[in-house]
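In: Structure, please.
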Amino acid sequence: MKKYEIVKKNTDFNDIINTGRCIRNKYYCIYYKDSEDDFPKFGLAVSKKCGNAVDRNKIKRQLRNIIDDNKKLFSIKMNYIIMVRKEILNVSYLQMKEQLINLMKKG
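Out: As a prediction, this is how the structure comes out:
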């Protein structure tokens, strides 16, 4: 992900979560909302319940890679917040990727 594709502000996170729509599965909860930008923006949220800092950073790094490889699944002019549930610790990278892709196709 490029720097301009990242949602960083706390107010933006809260706005997307509180007023946006949501799709969920066992591993992810994705909030999304319309945007006026010409490209999708992403925010990643990994709870402290998902292990120590090393584990959380690894999950975020893997998610960024999955998003970069599958940008075509995300619609333009949308902002996304991808929240990770603690069950993600028990799956491999390929299963993470498969679950996220299936969730985005569903939503």
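In: wait, isn't F39 in contact with Y4?
Out: Yes - with contact defined as CB atoms under 8 Å, F39 and Y4 form a contacting pair (7.4 Å). In short, each C-beta sits where N, CA and C put it, glycine included.
In: So for those two, which sits in the more crowded spot?
Out: Using other CB atoms under 10 Å, the more surrounded residue of F39 and Y4 is F39, with 13 against 8.
In: Now do the helices in this structure.
Out: Along the chain, the stretches classed as helices by DSSP state H are 10-19, 53-69, 93-106.
In: gap between the residue nearest the centre of the chain and Q95?
Out: Nearest residue to the geometric centre of the chain (CA atoms, centre = their mean): I82, 2.4 Å. Applying CB to CB, to the nearest Å, the value for I82 to Q95 is 16 Å.
In: Tell me where the model's unsure across this protein.
Out: Along the chain, the model assigns pLDDT under 70 to no residue.
In: Quick check: I17 touching I82?
Out: No - the criterion here is CB under 8 Å, and I17 misses it with I82 at 11.3 Å.
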